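> Fold the stuff below for me.
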Amino acid sequence: MLPSIRIALMSIKLVMRTKAALFFTFLFPLIFLFVYAGLFARGNPQAVSYMFGPVVTLNIMGSAFWGLGLQSVMQRERGSLRRYRLAPIGAGSMVLSSLLANYLLQLPTLVMLVTCAMVIFHMPLRIDPLTLLVLVTIGSFAFAGFGLTIASVANTMQEAQVYNNVVWFTLLFLSGVTVPLPLLPGWIQHFAAYLPATYLVTSFQAIMVGGQSLFSHRAEMLALLISGTFGLLFAWKLFRWEKEEKISMRAKLISLTFVVPFLAMGIWMNKYGNLAANWKTTFALMNHEPQEAAQHSSPAENFPLIDFENPEEEELLLKTWQVSTDPNAAGRSVGEVELISPGAAGTGHALRFTGRIESANGFEHGAVTARYPFKLAPNATGFRGIQLELRGVSRLFQVKIIPPDQTLPAPALTFIPDSDWQTVRLPAAWLTAPNPFPAKSTLILEFRADGPPGEFELDVDEVRFY
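Numbering: from 1, shown residues only. Here you go, the predicted structure:
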């Protein structure tokens with residue numbers, strides 16, 4: 001163990017002396033954080049929490065494949081390992097030292113990412129430090145086994161790069177690291193259940209956004225631990241000191257057994273786990289407060305905005321709700337609002353926003369919006385936003401509140417409704433005290449359906465301040 005620690009510390013010193021290594025170890029992860037938080041999440045603190053898991057996972061994957069794995073192959077091809085061969089250390093010590101050095105370099109990077117996300121983007125840290133450390137430790141261990149196994153079975157640097165690219169791009173685009181899983185087709189979501197990066201990304205998101213416990217994701221953590229152990233064992237058994245030593249095809253095929261835990265986990269999750277619903281729920285929570293935080297807010301039922309129970313509600317729909325199509329996409333999209341019965345939780349009525357989106361030229365997708373103007377009640381001062389009940393088809397929608405000065409940015413909640421009623425909260429900074437707008441200012445509640453051509457349907461009920 002002591003030789004492994006010494007070699008790991010020596011490797012860290014070499015990284016600290018190399019400008020390129022410092023850039024990819026510390027600055028490169030920050031670039032991804034600013035891209036994900038600034039462009040994808042648009043600076044929304046809740047959305048930054050959702051995107052933080054993919055950023056950390058991407059950093060772990062990059063360190064394992066392009067840092068740890070390729071560095072091992074490079075040392076072997078350059079003959080750097082020869083000087084260790086005469087020392088009283090074995091292949092196990094070399095593999096362990098690489099694992100340890102990679103992990104120790106992850107910790108300051110993690111602290112830097114958390115600090116920047118909280119200070120610059122005001123990300124709420126709804127995960128205790130110990131749980132965060134456990135997730136990073138298990139993820140680093142699993143992907144280190146992944147990267148070292150690829151390095152062990154690759155005979156040349158070119159071969160290692162081919163293997164890395166195949167695995168890297170598969171995990172990058174099909175496991176929720178770059179595109180949220182609820183936005184991907186159903187068959188990709190089923191395939192994602194077999195990918196290790198999916199376990200880490202969705203666990204991060206469920207804990208940081210959904211408020212779940214790490215114990216709820218013990219199956220995913222166990223799969224990562226088992227596969228990481230398999231990977232490190234194969235890296236140890238297939239370790240080579242000289243580049244002239246070659247790995248047989250039989251040994252390469254045997255090393256593929258380290259994916260068995262992922263196969264077993266994917267089969268089990270697709271059969272018994274409600275994957276799409278769980279991922280959709282976390283995605284829907286991305287832009288509003290979790291239930292735990294909502295329990296401490298003032299009772300929203302005392303400040304109703306619209307409940308669609310007015311005896312003249314059908315006439316009011318035509319007078320107050322404005323339905324329009326996107327003027328920038330001159331297609332034939334249509335939409336309308338109507339009153340339906342019953343509403344949410346036994347109410348008499350609810351609003352149905354329905355229609356069809358079509359494409360003008362095959363490239364530009366149309367959009368349909370429904371807007372409801374309202375005045376901010378004086379007794380709503382101090383409340384954090386608007387709460388409403390929603391249900392609909394599995395399609396991407398947006399809801400937002402537009403302030404009087406429409407040149408100001410309006411925060412939007414992107415969500416995919418369930419077929420059952422669900423409570424959604426829309427934070428609105430301008431509703432908190434002190435209120436920057438006069439009580440008689442007219443705000444606009446907007447629902448927007450866009451995306452690929454097709455039918456859409458969204459039911460709305462019990463819109464209230466909270």
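
> What is the strand or helix carrying Phe191 packed up against?
Using DSSP states H and E, Phe191 sits within helix 186-192. Helices and strands touching helix 186-192, by 3 or more Cβ pairs under 8 Å, 6 or more residues apart in numbering; DSSP states H and E, are helix 157-174, helix 275-284. C-beta: built from backbone N, CA, C; applies to glycine.

> Send me it as CSV with only the CA atoms.
Extracted as CSV, the C-alpha positions of helix 186-192 are listed here (Å, rounded to 0.1, in the frame of the first residue of the first chain):
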residue,chain,number,x,y,z
GLY,A,186,-38.5,6.0,-25.4
TRP,A,187,-36.2,3.3,-27.0
ILE,A,188,-33.1,5.4,-26.0
GLN,A,189,-34.5,5.7,-22.4
HIS,A,190,-34.7,1.9,-22.2
PHE,A,191,-31.2,1.6,-23.6
ALA,A,192,-29.9,4.2,-21.2
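
> For Val177, grab phi and psi.
In terms of degrees, to the nearest 10, the main-chain angles of Val177 are phi -70, psi -40.

> Tell me, how many residues neighbour it?
22 (other Cβ atoms under 10 Å).

> contacts for the helix holding Phe191?
Helix 186-192 has contacts (Cβ atoms under 8 Å, 6 or more residues apart in numbering) with Leu174, Ser175, Gly176, Leu181, Pro182, Leu184, Thr198, Asn270, Leu275, Ala276, Trp279.

> per-residue confidence averaged over the strand ranked longest in the chain?
If you go by DSSP state E, the chain has its longest strand at strand 454-465. For strand 454-465, mean pLDDT is 88.

> Below-threshold pLDDT in the stretch 1-150 of the chain: ranges please.
Low-confidence segments of the stretch 1-150 of the chain (pLDDT under 70): 1, 15, 18, 20-21, 85-88.

> For stretch 203-215, buried residues please.
Ser203, Phe204, Gln205, Ala206, Ile207, Met208, Val209, Gly210, Gln212, Leu214 (16 or more other Cβ atoms under 10 Å).

> what distance separates that stretch from the centre of its chain?
11 Å (Cα atoms, centre = their mean, to the nearest Å).

> Out of the buried residues of stretch 203-215, which one has the weakest pLDDT?
Comparing these by pLDDT, Gly210 comes last, at 76.

> follow-up on the earlier one: return the closest of the contacts of helix 186-192 with respect to Leu135.
Thr198 (13.8 Å; Cβ to Cβ).

> and that closest one, how far is that from Val259?
14 Å (Cβ to Cβ, to the nearest Å).

> These two: which is more packed in?
Thr198 (27 against 17).

> could you say what helices and strands the particular helix or strand that has that one in it packs with?
Assessed by DSSP H and E, Thr198 sits inside helix 196-208. With contacts taken as 3+ Cβ pairs under 8 Å, 6+ apart, helix 196-208 sits against helix 45-62, helix 129-153, helix 218-237, helix 275-284.

> any chance of those in CSV, plus mean neighbour count and distance to Ala192?
Output for those, formatted as CSV (neighbours: other Cβ atoms under 10 Å; distance: least, Cβ to Cβ, whole Å):
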stretch, mean neighbour count, distance to Ala192
helix 45-62, 24, 13
helix 129-153, 23, 16
helix 218-237, 20, 12
helix 275-284, 20, 8
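
> Counting neighbours, show which residues of stretch 189-201 come out buried.
Gln189, Phe191, Ala192, Ala193, Tyr194, Leu195, Pro196, Ala197, Thr198, Tyr199, Leu200, Val201.

> wait, which of those residues is closest to Ala37?
Of these, the one sitting nearest to Ala37 (Cβ to Cβ) turns out to be Val201, at 15.5 Å.

> For Leu9, see how far away the closest one is.
Distance from Val201 to Leu9, by Cβ to Cβ: 31 Å.

> does Glu338 count as helix, strand or coil?
Put simply, Glu338 is strand when judged by DSSP: H, G, I helix; E, B strand; the rest coil.

> surely it meets Gly355?
No: the criterion here is Cβ atoms under 8 Å, and Glu338 misses it with Gly355 at 10.7 Å.

> Okay, and Thr178 sits in which element?
Counting by DSSP H and E, Thr178 is found in no helix or strand.

> Would you state the predicted confidence (pLDDT) at the closest residue in space to it that isn't next to it in sequence?
Take Thr178 and drop its neighbours on the chain: the residue closest to it by Cβ to Cβ, 6 or more residues apart in numbering is Leu172, 5.8 Å away. On the pLDDT scale, Leu172 is placed at 88.

> which residues of the stretch 201-350 of the chain score low on pLDDT?
Applying pLDDT under 70 to the stretch 201-350 of the chain flags residues 273-274, 276-277, 281, 284-304, 326-331.

> tell me which element Thr423 is part of?
Using DSSP H and E, Thr423 sits within strand 422-427.

> neighbour count winner among Glu338 and Gly355?
Each of Glu338 and Gly355 has its neighbours counted (other Cβ under 10 Å); Gly355 has more, 20 against 12.

> part of a helix, is the more buried one?
No: assessed with three-state DSSP, Gly355 is strand; it does not lie in a helix.

> which ones are touching it?
By Cβ under 8 Å, 6+ apart, the neighbours of Gly355 are Val323, Ser333, Val334, Gly335, Glu336, Val368, Ala449, Glu455, Phe456.
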